[in-house]
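K.L.:
Here's a sequence, model it:
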Amino acid sequence: MLTGKQRSYLKGLANPMQAILQIGKDGVTDNFVTQLAMTIGTKELVKISILESAADLDVKQTAFMLADRTGSEFVQSIGRKIVLYKEAEEPEKRKIEIPQEKKRRG
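P.N.:
Numbers count the residues shown, from 1 in each chain. You can find the predicted model right below:
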């Protein structure tokens, strides 16, 4: 589960990115989910665009469903764009270093 600070950091990284995957008139297919899982496994942070031809899809519902099916984290949705994050399983393949929460003294 991402903290607010971590989510904000990832939003900043995703802002200049172009969407590398698109959901079209066929909606979310098994092939799309497989392709997304492979892509997010190597890139860690992925921006997805939902085309107008998929007008019947609710953006937030689709985002959370994709996050659930790929084991990733929902970062944000803006308009018809979705950003998902999944840390690479192997430490040497991790490209993104997200800030960790500092423990409070008290």
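K.L.:
May I see the buried residues of the longest helix seen in the chain?
P.N.:
For the chain, the longest helix by residue count, based on DSSP state H, is helix 30-43. Buried residues in helix 30-43, counting neighbours by 16 or more other CB atoms under 10 Å, are found at 32, 36, 39-41, 43. Placement of C-beta: from N, CA and C, glycine included.
K.L.:
What lies in contact with that helix?
P.N.:
Contact with helix 30-43 is made by 20-21, 23, 26, 46, 48, 66, 69-72, 84-86, 88-89, 93, 95, as judged by CB atoms under 8 Å, 6 or more residues apart in numbering.
K.L.:
now stretch 50-59, how far from the chain's geometric center?
P.N.:
17 Å (CA atoms, centre = their mean, to the nearest Å).
K.L.:
buried sites along it?
P.N.:
Buried-residue list, stretch 50-59, by 16+ other CB under 10 Å: 50, 54, 57, 59.
K.L.:
wait, which of those is closest to residue 9?
P.N.:
For the buried residues of stretch 50-59, the residue nearest residue 9 by CB to CB is residue 59; the value is 22.1 Å.
K.L.:
That closest one contacts residue 77, correct?
P.N.:
Yes: taking contacts as CB atoms under 8 Å, residue 59 lies within contact range of residue 77: 5.0 Å.
K.L.:
so how far is stretch 44-60 from its chain's centroid?
P.N.:
Using CA atoms, centre = their mean, the offset of stretch 44-60 from its chain centre is 11 Å.
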